[in-house]
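> Give the three-dimensional model of this entry:
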Amino acid sequence: MNKSISCGDSHSVAIISDGTLKCWGNNQRKQCDPVYKSFTCVIDVACGGYHSVALLSNGTIECWGDNTQNQCDPVYKTFSNITSVACGKLHSIALRSDGTIECWGNNYWNQCDVVYKTFNNIISVTCGTHHSVAIKRDGTIECWGSNTSNQCDPVYKTFTNIISVACGAYHSVALKSDGTIECWGDNRSDQCNPVYKSFTNIISVDCGIFYSVALLSDGTIECWGNNNLNQCDSVYKLFTGIKLPQINFLLK
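From the prediction side, this is the model:
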């Protein structure tokens with residue numbers, strides 16, 4: 001699903017109804033360089049830590065901001081037939097219409113390990129800080145990049161019927177077609193606390209850096225993980241009638 005708004009570490013980008021962009025926040029690394037004002041017909045956008053990638057309606061992409069780790073390496077200008085984009089903190093990924101992907105930027109944690117070139121039939125991709133997860137057409141997933149906190153623990157290979165995935169900094173959450181979820185990776189802040197196994201009828205998930213949120217079909221939400229800044233304050237239990245656009249946090 002293409003995104004209309006995305007957030008980096010300290011900047012945000014939004015697609016306006018006319019297909020242009022608005023960008024605000026920290027510009028220390030040119031995250032909001034006015035070059036973005038020249039882009040038109042934008043249909044998807046993703047923000048990394050200090051860079052952004054925009055997908056145009058003709059299947060090409062534009063990139064701006066920090067390039068110290070080749071996040072905006074001009075190689076992206078050679079890509080075509082792109083259908084969606086995703087960013088980690090220091091790397092970027094583009095999904096092609098043929099189900100293959102391209103990856104560029106920092107590779108210190110194997111975020112752009114050439115293993116990704118063996119993947120096919122990909123329908124969706126998302127990124128954590130230094131790892132990525134791709135959903136395949138058959139409902140299985142692939143994971144690559146940093147595994148320092150078990151973000152790519154092979155347990156993911158046992159998951160089936162996956163319809164969407166969200167990534168926090170060092171953990172991931174996968175939504176299954178039966179409305180249940182799987183969680184793996186860093187659990188130091190209870191991001192993967194087994195409490196999630198009690199949740200049912202889930203229709204959407206998203207992650208903050210060290211916490212996760214699930215939207216249920218009845219319009220209520222569940223939240224688990226780090227609560228040091230009241231991210232999972234029990235006040236959320238008072239919320240009802242929540243709809244999908246209202247839970248799209250995109251906090252990476």
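> Name the helix or strand for Glu142, please.
In the assignment (DSSP states H and E), Glu142 maps to strand 141-145.
> Downstream of that strand, the next helix or strand is which one?
Remark: after strand 141-145, the chain's next helix or strand is strand 162-167, criterion DSSP H and E.
> Isn't Ile82 up against Thr60?
Yes. Counting by CB atoms under 8 Å, Ile82 touches Thr60, with 6.7 Å between them. C-beta here means a position set from N, CA and C on the backbone, and glycine is covered the same way.
> more crowded one of these two?
Neighbour comparison, Ile82 and Thr60: the larger count goes to Ile82, with 22 against 17 (by other CB atoms under 10 Å).
> distance of the residue nearest the centre of the chain from Lys30?
Ranked by distance to the mean C-alpha position of the chain (CA atoms, centre = their mean), the top residue is Thr126 at 3.7 Å. Distance from Thr126 to Lys30, counting by CB to CB, to the nearest Å: 25 Å.
> just Ser217 next, same as before
The value you get for Ser217 to Lys30, if CB to CB is used, is 42 Å.
> between the two, who's got more neighbours?
Neighbours were counted for Ser217 and for Lys30 using other CB under 10 Å; Lys30 has more, 18 against 11.
> Test my guess that that one contacts Cys63.
No. Using CB under 8 Å, Lys30 makes no contact with Cys63, being 11.0 Å away.
> And the strands in the stretch 51-200 of the chain?
51-56, 61-65, 82-87, 91-96, 101-105, 122-127, 131-136, 141-145, 162-167, 171-176, 181-185 (DSSP state E, counting those that start in this stretch).
> In contact with Ile181: list those residues for me.
Val173, Ala174, Leu175, Tyr196, Phe199, Ile202, Val205, Ala214 (CB atoms under 8 Å, 6 or more residues apart in numbering).
> Can you add distance to Thr158 and neighbour count and give the residues you listed back as TSV?
Shown next, in TSV, are those (distance: CB to CB, whole Å; neighbours: other CB atoms under 10 Å):
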residue	distance to Thr158	neighbour count
Val173	15	27
Ala174	11	25
Leu175	16	22
Tyr196	16	21
Phe199	19	16
Ile202	19	21
Val205	18	22
Ala214	20	25
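> Show me which pair in those residues is furthest apart.
Between any two of these, the greatest separation by CB to CB is 12.8 Å, found for Ala174 and Phe199.
> And for Leu56, nearest residue in space, chain neighbours not counted?
Among residues not flanking Leu56 along the chain, Cys41 sits closest, at 5.1 Å (CB to CB, 6 or more residues apart in numbering).
> Would you list the phi and psi of that neighbour?
phi 60, psi 40 (degrees, to the nearest 10).
> Tell me the spacing between it and Ser57.
Taking CB to CB, one finds Cys41 at 4 Å from Ser57.
> Please identify every residue contacting each of these two.
With contacts taken as CB under 8 Å, 6+ apart, the residues that reach both Cys41 and Ser57 are Gly19.
> Okay, now the unreliable bits of the protein?
The chain contains residues with pLDDT under 70 at 1, 245-252.
> Nearest residue to Cys47 in space, ignoring adjacent ones along the chain?
Per CB to CB, 6+ apart, closest to Cys47 is Gly8, 3.7 Å.
> Please disregard the earlier target; I meant Phe210.
Leaving aside its chain neighbours, Phe210 sits nearest to Asn226 (3.7 Å; criterion: CB to CB, 6+ apart).
> Also Cys192?
Nearest to Cys192 is Cys183, by CB to CB, 6+ apart, at 4.1 Å.
> Leu216 now?
Nearest non-adjacent residue to Leu216, counting by CB to CB, 6+ apart: Asn201, 5.2 Å away.
> before we move on, what about Asn26?
Asn26's closest residue in space is Ser10 (CB to CB, 6+ apart), at 3.8 Å.
> Then Cys207?
In space, Cys207 is closest to Gly168, 3.7 Å off (CB to CB, 6+ apart).
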